[in-house]
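> below: sequence and its predicted model.
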Amino acid sequence: DTGVSQNPRHKITKRGQNVTFRCDPISEHNRLYWYRQTLGQGPEFLTYFQNEAQLEKSRLLSDRFSAERPKGSFSTLEIQRTEQGDSAMYLCASSLMMEWKDYGYTFGSGTRLTVV
Amino acid sequence: GQQVMQIPQYQHVQEGEDFTTYCNSSTTLSNIQWYKQRPGGHPVFLIQLVKSGEVKKQKRLTFQFGEAKKNSSLHITATQTTDVGTYFCAGERDSNYQLIWGAGTKLIIKP
């Protein structure tokens, strides 16, 4: 297992189009997170899963964003009707949560979205 | 809401000088984690501190967790060009084991 894998690395889309990103976490990890990061800012939490259950979704996230993690393995993040403000780096991370202790996040390289 | 404040936003140092970044939380944290993000890269996990007053070292990096588990610091001794990047702290809260991220401190080595 080589770490967290995200596809695609880059995505350019026209405003109003839908986009979908994929994240393959480290197989032993039971938690998966989606973050968004813009230049010069820290990661902004979007949502996270424990196994296949989506446990929390940021209040900042509009209804245009949806995430799934079927079977508790890979995850997809879909943005519908993209807007220019959605342009950002979308980061996925996974972690192992065991006995109420988290052992640190491993991030993927991210998907850079540009909405034109 | 719950926040983690991190200062300074930027720190310019000459190579060989020391660097320190500080984090303060409005509430008690169960643990604090530190990450490094190189320019153009993604955050990379450095360390996790769990115990009150804990101090951990990784070569030239020293991490501290305050007695009240509300503040933390990262100190780099004798900076090198390989240290360039943004250092983030992220505090975990007990209620749902979510990380609350600081805004990061960017370490810049003066030419």
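Thanks, I have it. Since the model is a prediction, treat every value here as computed from it, not as a measurement.
> quick one: contacts for the residue nearest the centre of chain A?
Taking C-alpha atoms, centre = their mean, the centroid of chain A lies closest to residue A:34, which sits 2.8 Å from it. By C-beta atoms under 8 Å, 6 or more residues apart in numbering or on different chains, the contact set of residue A:34 is A:23, A:46-48, A:67, A:75, A:77, A:90-92. Backbone N, C-alpha and C define where each C-beta goes, glycine included.
> run a quick neighbour tally on residue 27.
Just so you know, I chose chain A. By the measure other C-beta atoms under 10 Å in any protein chain shown, the count of residues near residue A:27 is 8.
> that's the wrong chain, I wanted chain B
Neighbourhood size, residue B:27 [other C-beta under 10 Å]: 15.
> the residue nearest to the centre of chain A: what's its closest spatial neighbour, skipping adjacent residues?
Leaving aside its sequence neighbours, residue A:34 sits nearest to residue A:46 (C-beta to C-beta, 6 or more residues apart in numbering or on different chains; 4.2 Å).
> quick check: residues of chain A near chain B?
Neighbours of chain B within chain A, by C-beta under 8 Å from any C-beta of the partner chain: A:41-45, A:48, A:55-56, A:91, A:93, A:97, A:100-110.
> ranges for the strands of the chain?
I'll assume chain A. In chain A, the strands defined using DSSP state E lie at A:5-7, A:10-13, A:19-24, A:31-37, A:44-50, A:53-57, A:65-68, A:75-79, A:88-95, A:97-98, A:101-102, A:106-107, A:111-115.
> not what I meant, chain B
Taking DSSP E as the criterion, chain B carries its strands at B:4-7, B:10-14, B:19-25, B:31-37, B:44-49, B:55-58, B:61-65, B:71-76, B:85-92, B:99-101, B:105-110.
> now do the third one: which elements does it pack against?
Strand B:19-25 is packed against strand B:4-7, strand B:10-14, strand B:71-76, strand B:85-92, with contacts defined by 3 or more C-beta pairs under 8 Å, 6 or more residues apart in numbering or on different chains; DSSP states H and E.
> point out the most buried one among the ones you listed.
strand B:85-92 (a mean of 25; mean count of other C-beta atoms under 10 Å in any protein chain shown).
> what pairs with it, parallel or antiparallel?
strand B:31-37 (antiparallel), strand B:99-101 (antiparallel), strand B:105-110 (antiparallel) (DSSP bridges).
> taking strand B:19-25 as reference, get the angle to it.
Taking axes from the mean of the first three to the mean of the last three C-alpha atoms, to 10 degrees, one finds strand B:85-92 and strand B:19-25 inclined to each other by 20 degrees.
> contacts for strand B:85-92 next, please.
The list of residues contacting strand B:85-92 from outside it, by C-beta under 8 Å, 6+ apart, reads A:42-43, A:102, B:4, B:6, B:21, B:23, B:25, B:29-39, B:41, B:43, B:72, B:74, B:98-107.
> buried members of these into ChimeraX, please.
Under the burial definition 16 or more other C-beta atoms under 10 Å in any protein chain shown, those of the contacts of strand B:85-92 that qualify are selected in ChimeraX by:
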select /A:42,43,102 /B:4,6,21,23,25,29,31,32,33,34,35,36,37,43,72,74,98,99,100,101,102,103,104,105,106,107
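> does any part of stretch B:63-74 sit near chain A?
No. Using C-beta under 8 Å from any C-beta, no contact is recorded between stretch B:63-74 and chain A, whose separation bottoms out at 12.8 Å.
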